[in-house]
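# Structure for this input, please:
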Amino acid sequence: MQQDLSISSKQKSTAVIKMVISMVIFGSIGFFSEHTNLPSFELVFVRCLCATLFLGLCWLASGQYKTEKWSKRDVLQTLVCGFFLVFNWVFLFKSFEETSVTIAISVYHLAPVLVLLLGSFLYREKLNVISVSSIIICFLGTALISGINGSTSLTQLMGSGIIWAVLAALFYAFTTLLGKGIQNLSPYTTTFLQTGLGVIILIPFIHFGAFADLSQGNWIMVVSTGIIHTGIVYLLFFDSLRFLSTKFISIIVFLDPAVAIVLDTVFTGFRPDLYQTLGIVLIFAGMALTLVRRKGKENVAAEGTDIEQIQ
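A predicted model of the protein is given here:
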């Protein structure tokens, strides 16, 4: 019995380390993407291709493919989620192109709040006072970050990168809500199908000439984004999930935007103004509120939502 507890404790400690490493690396993806010199479609294509090959090999090597429980419903739902996941990435990288990583990643992390809002309509989940407060606070923060006012034109809004970050958050929310219904497929299979679909979807949009002018430094960043930020990090992430509580996962995902903001301010020299700083604080305060659970109601569906907290 003592030995079992010791093994369990060791597994949990290892899982915590893996999760922390995966979140820290996830947080650096905006910094790396800015140095790839690739447009969003081409960068997401590389990410999908690397993830499909890497996780597909892991899936086969582990022998997990032998125990998969396939169903048409799960596969179809996974592929629909894959469509939203791929364009979530495209919009996120597009926002990195148009605005600072700090602003883009802060707005992108509206996603859990959008999940609450959309879930109230799609699944008729009742919003409590805390949920409504978090939604209002986050959207006030977004307005402060974007600097939207009466004289802001649609062209200015589109060029600011804010709209792409909002779209990325929206598509992330769709991915999360649809992903809650996938019951039997393993995370490896789910991701393999989704990124494989991404490769097929994106091929018609890819300008392969964009890869011709990349420097050695660009290629290092491109390969890192594909293999490290997607393949290896997803492996670490999925390997740690089953040993960690939903509450811990919900909190540790804050490492992702924290690392992104630190790298953006230290290495690229971005300095938010007073209103943008207040907006960032409001968004993360609103996000923190979504972690508050009503006593006696530990929402089982939140498991799925927290597991999807990845870029």
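
# Quick one: mean pLDDT for the host helix or strand of Ile25?
In this assignment (DSSP states H and E), Ile25 forms part of helix 2-27. Average pLDDT, helix 2-27: 76.

# Just the CA atoms of the next helix or strand after it, as CSV, please.
Counting by DSSP H and E, the next helix or strand C-terminal to helix 2-27 is helix 29-34. Only the C-alpha atoms of helix 29-34 are listed here, as CSV (Å, rounded to 0.1, in the frame of the first residue of the first chain):
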residue,chain,number,x,y,z
ILE,A,29,5.1,30.4,-29.3
GLY,A,30,4.2,34.0,-30.1
PHE,A,31,7.9,35.0,-29.7
PHE,A,32,9.0,32.2,-32.0
SER,A,33,6.3,32.8,-34.6
GLU,A,34,7.4,36.5,-34.9
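
# circling back to that earlier point, buried ones in the helix holding Ile25?
The neighbour-count check on helix 2-27 (16 or more other CB atoms under 10 Å) flags 15, 18-19, 21-23, 25-27 as buried. Using the backbone N, CA and C atoms, a C-beta is placed for each residue, glycine as well.

# Could you do stretch 275-295 as well?
By neighbour count on 16+ other CB under 10 Å, the buried set for stretch 275-295 is 276, 279-280, 282-284, 286-287, 289-291.

# end-to-end on stretch 212-227?
20 Å (CA to CA, to the nearest Å).

# circling back: now distance to Phe174 too, for the buried residues of helix 2-27, in CSV please.
Converted to CSV, these look like this (distance: CB to CB, whole Å):
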residue, distance to Phe174
Ala15, 28
Lys18, 28
Met19, 25
Ile21, 28
Ser22, 23
Met23, 23
Ile25, 25
Phe26, 20
Gly27, 23
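
# For these, which two are the farthest from each other?
Ala15 and Gly27 (18.7 Å; CB to CB).

# Residue ranges in the stretch 1-150 of the chain under the pLDDT threshold?
Scanning the stretch 1-150 of the chain for pLDDT under 70 picks out 1-7, 123, 125, 146-150.

# cutoff 50 now
Residue ranges of the stretch 1-150 of the chain with pLDDT under 50: 1-7.

# all helices for it, in order.
2-27, 29-34, 40-62, 72-98, 101-108, 111-122, 129-146 (DSSP state H, counting those that start in this stretch).
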